[in-house]
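Undergrad: no FASTA, just this:
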């Protein structure tokens, strides 16, 4: 079958048509001399991405028996997938089509209409050259395991497990402590976490492994081979899972005896969690000798400067503890030492107002030193002050959970500058990690309260639910890298370069091999290969040369 | 003498700079018609072969952005 190429120029309403001469483009492209041996079908359309436009393309491809297609329209970031889906309905391989951007990079940026028209023709010409160098690519289907491994049995892990587990999907929840519950179990309001834990224990589709850590994991989304280890009996368990949720929570910065926090175990200085434990065990807040406090100081932001971020939840829980104290001992003075008050979430402001009008004092300070129960501070005007209390409650910074480094290495995910799990994108993909199929939720990727953790857990659940549908196969990226074995010298540079861990070394044949299920087609290996043995499909050098050749003509 | 208009080829990363160029387009920023965009999936993809071939073909400058 001889090549027959369809070139479709989109007017995009007035967006393209108003700024370039569409008819001139159609005429000049039809008259191009380079393609004398090939048949060109050149047409324009008002709006290719519309329902009518897609129908038009489909009919053109079918009735003309097109082998290749070029769509000159908007950015491929907008509608590449739209036209690929059109191709899929026809006999044409979707990878024998290319999109040329004559809107954002041409019509909209070149004010002179004649010049813009010339430019559009040049871009389309490059696209036609390119499309002849493109190759047919075929999607593959891979078996995929719908089960999920959840690492960490705190509120984020429990919420993930409860929402994911079903008859068709087993959840393996591993927790390094002897029982699930995490930090939430150390709080004073245990009702909700006890309810959740009970639900978890009764769910036949959740397999809980306590005193357990991840020993090894290999594979990719849909096909992770996992080994877990009981840290007491050293017993190993192996299973397959399609996705992993990291819900390892946080630790707290140890402030005792640090530069600014000079106190010992004997002093009546308590962390927020220690007060929560008191409330939970004795239902009241008392000093270490069992007596009621007569004056309480609240030290905010312990270690905030050291760690370099705000821990988000502490101002709120110190206010909550003030509330407890006000109820128990209405007449004692309570004084907060605040550098910068942080009150996110809609309900916190009114609580703060309530405390303030109820007589709780807020002393704004530049710096603060704790000596036992005495607070030495410099206020915001630079004046030194000293207050003696007989009880201090302090809020220490949340820090990454211990063992995050080792776990991140095992999972091949990145940590951020603070040591928390790094988001694939801070704003628009905050629960994914750099590794497909591995998600981080809750305080594992930065200070989070219970609400945040639950929201994030549910978000990860939603992503997994659509990516790993029980019984459905997964289709990995098609435009991946390919290593030509004959040219590979076995230097393994690409193994170091690949961020996704998609390349492995075949010892027997002494060559690097791409795992196509993991490769995302970024092509970094191509740029790094000293022997030029790697090509990235759909972005090969010959294909790009065609675009370049026309661009500089 | 005719004004020198350097032919510049920009290899732009699909995920960041190409998207930024799209936004520049949407904002109707003016660009010289001698600037040409070639989309790649990551600026790390660019190798010496691609750069040299671009120069050999007559480019006056190359912008690799990502």
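TA: Cool, the structure landed. Keep in mind the model is a prediction, meaning the values are calculated, not measured. Numbering: from 1, shown residues only, chains lettered A, B, ... in the order given.

Undergrad: use CA for all of it now, contacts and neighbours both
TA: OK.

Undergrad: For chain B, which segments count as helices?
TA: Assigned helices in chain B, in chain order: B:17-26, B:48-56 (criterion: DSSP state H).

Undergrad: typo on my end, it should be the stretch 301-450 of chain A
TA: Assigned helices in the stretch 301-450 of chain A, in chain order: A:304-307, A:314-328, A:348-357, A:404-411, A:450-467 (criterion: DSSP state H, counting those that start in this stretch).

Undergrad: Highest mean neighbour count out of the helices of chain B?
TA: Mean neighbours per residue, mean count of other Cα atoms under 10 Å in any protein chain shown, is largest over the helices of chain B for helix B:17-26, with a mean of 19.

Undergrad: Does chain A have contacts with it?
TA: Yes: using Cα under 8 Å from any Cα of the partner chain, helix B:17-26 reaches chain A at B:19, B:21, B:22, B:23, B:24, B:25, B:26.

Undergrad: So which residue is dead centre in chain B?
TA: residue B:10 (1.0 Å; Cα atoms, centre = their mean).

Undergrad: How about the longest helix along chain A and chain B, any contact?
TA: What stands out as the longest helix in chain A, according to DSSP H, is helix A:113-133. Yes: counting by Cα under 8 Å from any Cα, chain B is contacted by helix A:113-133 at A:115, A:116, A:119.

Undergrad: Would you mind checking the average pLDDT for that helix?
TA: Helix A:113-133 comes out with an average pLDDT of 95.

Undergrad: buried sites along it?
TA: Across helix A:113-133, burial judged by 16 or more other Cα atoms under 10 Å in any protein chain shown covers A:115-133.

Undergrad: same check, this time on stretch A:172-179
TA: For stretch A:172-179, by 16+ other Cα under 10 Å, it's A:172, A:173, A:174, A:175, A:176, A:177, A:179.

Undergrad: what's the nearest residue to the residue of the stretch 51-200 of chain A found nearest chain B if we skip its chain neighbours?
TA: Of all residues in the stretch 51-200 of chain A, the one sitting closest to chain B is residue A:104 (4.2 Å; Cα to the nearest Cα). Closest residue in space to residue A:104, ignoring its immediate chain neighbours: residue B:25 at 4.2 Å, by Cα to Cα, 6 or more residues apart in numbering or on different chains.

Undergrad: Touching, the one you found and residue A:105? I think so.
TA: Yes: between residue B:25 and residue A:105 there is a contact under Cα atoms under 8 Å: 6.0 Å.

Undergrad: Please identify the residues of chain B in proximity to chain A?
TA: B:7-9, B:14, B:19, B:21-26, B:28-33, B:36-38, B:40-50, B:53-54, B:57-59.

Undergrad: and with 7 Å instead?
TA: B:7, B:22, B:25-26, B:28-33, B:36, B:38, B:40-42, B:44-47, B:50, B:54, B:57-59 (Cα under 7 Å from any Cα of the partner chain).

Undergrad: For the closest residue to residue A:514 other than its chain neighbours, give me the pLDDT.
TA: With sequence-adjacent residues excluded and distances taken as Cα to Cα, 6+ apart, residue A:514 is closest to residue A:503, at 4.5 Å. pLDDT for residue A:503: 94.

Undergrad: now the one 5 residues further on
TA: The pLDDT attached to residue A:508 in the predicted structure is 94.

Undergrad: Next: residue A:359.
TA: Residue A:359 carries a pLDDT value of 92.

Undergrad: go on, residue A:1?
TA: 56.

Undergrad: Kindly report the same for residue A:551.
TA: Residue A:551 is assigned 88 on the pLDDT scale.

Undergrad: I'd like to check which residues are in contact with residue A:83.
TA: Contact analysis of residue A:83 by Cα atoms under 7 Å, 6 or more residues apart in numbering or on different chains lists nothing.

Undergrad: try 10 Å
TA: A:48-49, A:54, A:57-58, A:69-71, A:76, A:94, A:97-99 (Cα atoms under 10 Å, 6 or more residues apart in numbering or on different chains).

Undergrad: Would you agree it falls within a helix?
TA: Yes: counting by DSSP: H, G, I helix; E, B strand; the rest coil, residue A:83 is part of a helix.

Undergrad: quick one, strands of the stretch 151-300 of chain A?
TA: A:171-174, A:206-209, A:212-220, A:223-230, A:236-241, A:243-246, A:250-252, A:261-262, A:269-271, A:296-302 (DSSP state E, counting those that start in this stretch).

Undergrad: Then chain B?
TA: B:8-13, B:35-40, B:61-65 (DSSP state E).

Undergrad: Quickly run through the sheet partners of the first one, with directions.
TA: By that I understand strand B:8-13. When pairing is defined by DSSP bridges, strand B:8-13 lines up against strand B:35-40 (parallel), strand B:61-65 (parallel).

Undergrad: Nearest to residue A:147, out of these?
TA: strand B:35-40 (35.1 Å; Cα to Cα).

Undergrad: what mean pLDDT would you report for that closest one?
TA: The model assigns strand B:35-40 a mean pLDDT of 95.

Undergrad: for the record, mean pLDDT for stretch A:457-471?
TA: 95.

Undergrad: mind checking how far the nearest residue to residue A:219 once chain neighbours are set aside is from residue A:501?
TA: Among residues not flanking residue A:219 along the chain, residue A:225 sits closest, at 6.0 Å (Cα to Cα, 6+ apart). Separation of residue A:225 from residue A:501 (Cα to Cα, to the nearest Å): 15 Å.

Undergrad: what helices or strands is the longest helix of chain A leaning on?
TA: Contact here means 3 or more Cα pairs under 10 Å, 6 or more residues apart in numbering or on different chains; DSSP states H and E; on that basis helix A:113-133 packs against strand A:4-10, helix A:14-17, helix A:22-30, strand A:68-73, strand A:97-101, helix A:541-551, strand B:35-40.
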